[in-house]
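In: show me the folded form of this:
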Amino acid sequence: MRRGNLVFAQMSPLNFRLMIRRAVYLVMGATSCLIGAAIILWVLYNHLIHRLPEFRPAPLIGAFGIGPVLCIVGVQWIRKALT
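Out: A predicted model of the protein is given here:
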């Protein structure tokens, strides 16, 4: 559609749904990565720098818990949103 010098593209409902789905994947992936990184950094801080009273010591590998999994899943969701 043309109005003056501007060209307005018609967006089909299918493209709009795809754009919304990609935005959701991007937001959820970024959130997942941030939370996973925060967990990993918190565990490293408690093991290497200063142990906070809320932190219960555990073996280093088990202490990371779900942090690395959140980072991996978040990166996959971001890749899915951008492809």
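In: which residues sit in contact with residue 31?
Out: If you count contacts by CB atoms under 8 Å, 6 or more residues apart in numbering, residue 31 has them with residue 74. (Each C-beta comes from the backbone N, C-alpha and C, glycine too.)
In: that one should be in a helix, yeah?
Out: Yes. Residue 31: assigned to a helix according to DSSP: H, G, I helix; E, B strand; the rest coil.
In: the nearest residue to residue 63 once chain neighbours are set aside: which element?
Out: Sequence neighbours aside, residue 43 is the residue nearest to residue 63 in space, at 4.8 Å (criterion: CB to CB, 6 or more residues apart in numbering). Using DSSP states H and E, residue 43 falls within helix 13-48.
In: ok, the residue lying closest to residue 29 once chain neighbours are set aside to residue 32 distance?
Out: Once flanking residues are discounted, residue 29 sits nearest to residue 77: 3.2 Å by CB to CB, 6+ apart. Separation of residue 77 from residue 32 (CB to CB, to the nearest Å): 7 Å.
In: which residues are common contacts for those two?
Out: Shared contacts of residue 77 and residue 32 (CB under 8 Å, 6+ apart): none.
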